[in-house]
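Chemist: just coords:
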């Protein structure tokens with residue numbers, strides 16, 4: 001209906017033309033498809049949008065080849081006679097309705113009467129099930145509200161804002177970041193869990209923080225089952241850090257001293273993922289320290305540099321920013337070493353579950369349609385594989401590694417189990 005009306009108006013104002021100038025149609029010289037938001041000049045897309053089959057488009061004074069694609073949708077999914085045909089050269093799905101409806105030769109132009117008759121055919125097809133596919137194919141048609149349950153400048157906020165720079169390219173729309181800090185993330189995640197599951201409200205997922213809120217507090221108005229986890233994007237493990245002139249030159253030195261006397265350990269907290277990791281390490285290594293909570297790893301590291309504590313438990317990303325200021329990482333609680341520091345297995349001769357690693361990604365309210373979930377998943381994957389995104393995050397020493405919805409849900413389940421088994425340590 002809406003597509004047909006737009007096209008009819010275009011045809012009425014250009015009835016005798018075989019070539020439309022984009023500027024004359026009011027789209028501008030950097031045009032987007034008015035139905036799906038895809039940039040018309042993108043490779044494989046120019047000339048495939050909603051102006052009309054067989055129509056030449058003029059962009060910047062250059063006339064492009066006539067379009068031989070569907071005049072209704074850039075990416076239609078229409079079943080004709082039980083079959084959907086894929087165009088091998090473009091990402092477009094083409095319905096094989098009639099040879100008369102498509103022209104693959106540049107010297108052929110479809111006449112107005114055939115355009116209007118094809119509209120009737122496509123409209124009829126929509127009555128037999130194409131409508132729902134069309135609705136999904138135009139998603140997203142507006143910016144995505146992206147809830148970050150923490151203040152601006154934190155790890156989740158930084159990651160989402162960088163991703164936002166590449167969202168329009170890979171998702172077709174921008175991200176509107178909405179910081180909703182408070183109660184360690186509980187306020188923002190509560191709002192997200194209650195939002196409409198239409199794909200237009202998404203948010204930052206941060207494990208194990210959101211799981212710990214549910215496990216360690218009473219009357220939390222959401223559960224993990226209230227979310228659809230779309231993708232994991234970044235892993236930020238916990239590390240032990242000391243000053244370079246510390247008497248503890250190795251992690252084993254620290255353990256030996258901690259068994260003789262009580263040492264002070266700074267870290268983000270209380271009841272944070274950093275403290276969770278440190279408590280699990282204490283349990284597995286048979287030590288007990290005095291954990292001094294700070295509001296964020298940055299402040300905890302400052303306390304260490306001021307020699308107010310013996311050691312700092314920190315996220316790797318925060319610690320790496322301060323390595324030039326006289327700090328040294330003793331151990332990384334992860335499966336792989338980092339910053340020339342050993343893993344727990346290498347340092348202690350035993351595995352210690354990396355339950356505190358901050359795993360950041362994207363989630364949405366429960367109930368997303370499979371089509372919307374797939375588009376979000378693929379768009380986020382595209383962002384994570386974008387060379388410019390990779391270069392930008394590498395400069396910030398962010399460990400980027402895309403994991404799809406299924407893999408992310410498995411991580412959620414595993415982390416939930418670890419948190420539940422160790423919550424009595426707090």
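Modeler: Great, that's in hand. A quick note: this is a predicted structure, and the numbers were derived from the prediction, not measured.
Chemist: Could you verify that residue 195 is part of a helix?
Modeler: No - per DSSP: H, G, I helix; E, B strand; the rest coil, residue 195 lies outside any helix segment and is coil.
Chemist: Just give me the longest strand of this protein.
Modeler: In the chain, assigned by DSSP state E, the strand with the most residues is strand 227-236.
Chemist: Adjacent strands (with direction) for that strand?
Modeler: Sheet pairing of strand 227-236 (DSSP bridges) gives strand 358-365 (antiparallel), strand 400-403 (antiparallel).
Chemist: what does the helix or strand following it contact?
Modeler: Per DSSP states H and E, strand 227-236 leads on to strand 238-243 as the next helix or strand towards the C-terminus. Residues lying outside strand 238-243 but in contact with it, judged by C-beta atoms under 8 Å, 6 or more residues apart in numbering, are 248, 251, 254, 273-274, 277-278, 301, 304-305, 307, 310-316, 319, 322, 326-333, 338-339, 341, 354, 356-358. The C-beta positions use only the backbone N, C-alpha and C, and glycine is treated the same way.
Chemist: Helix or strand next in line after strand 238-243, which one?
Modeler: Beyond strand 238-243 on the C-terminal side, the first helix or strand identified by DSSP H and E is helix 251-258.
Chemist: Identify each buried residue in whichever helix or strand comes after that next one, please.
Modeler: Downstream of helix 251-258, the first helix or strand assigned by DSSP H and E is strand 264-268. For strand 264-268, burial by neighbour count (16 or more other C-beta atoms under 10 Å) applies to 265-268.
Chemist: What is strand 264-268 packed up against?
Modeler: The elements that strand 264-268 packs onto, with contact taken as 3 or more C-beta pairs under 8 Å, 6 or more residues apart in numbering; DSSP states H and E, are helix 273-285, strand 290-294, helix 297-305, strand 311-315.
Chemist: what's the third one in contact with?
Modeler: In other words, helix 297-305. With C-beta under 8 Å, 6+ apart, helix 297-305 has contacts from 241-243, 266-268, 274, 292, 294, 309, 311-315, 318-319, 322, 325-327.
Chemist: circling back to that earlier point, quick one, the longest strand of the chain and helix 297-305 angle?
Modeler: Interaxial angle of strand 227-236 relative to helix 297-305 (axes from the mean of the first three to the mean of the last three C-alpha atoms, to 10 degrees): 30 degrees.
Chemist: average pLDDT across strand 227-236?
Modeler: The pLDDT scores in strand 227-236 average 96.
Chemist: Check stretch 300-312 too.
Modeler: On average, stretch 300-312 scores 95.
Chemist: State the distance from the nearest residue to residue 359 once chain neighbours are set aside to residue 236.
Modeler: Of all residues not flanking residue 359 in the chain, residue 207 sits nearest, at 4.3 Å (C-beta to C-beta, 6 or more residues apart in numbering). Residue 207 is 11 Å from residue 236, where distance means C-beta to C-beta, to the nearest Å.
Chemist: related to what we said a few turns ago, ok, the residue nearest to residue 359 - contacts?
Modeler: By C-beta under 8 Å, 6+ apart, the residues touching residue 207 are 232, 273, 358-360, 411-412, 415.
Chemist: Same question for residue 319.
Modeler: Shown in contact with residue 319 (C-beta under 8 Å, 6+ apart): 239, 241, 297, 301, 312, 327, 329, 339.
Chemist: what's around residue 225, how many residues?
Modeler: Residues lying near residue 225 (other C-beta atoms under 10 Å) number 8.
Chemist: my guess is it contacts residue 363, does it?
Modeler: No - using C-beta atoms under 8 Å as the test, residue 225 is too far from residue 363 to be in contact (11.8 Å).
Chemist: can you redo the strands paired with strand 227-236 as CSV with distance to residue 346?
Modeler: Shown next, in CSV, are these (distance: least, C-beta to C-beta, whole Å):
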stretch, distance to residue 346
strand 358-365, 21
strand 400-403, 21
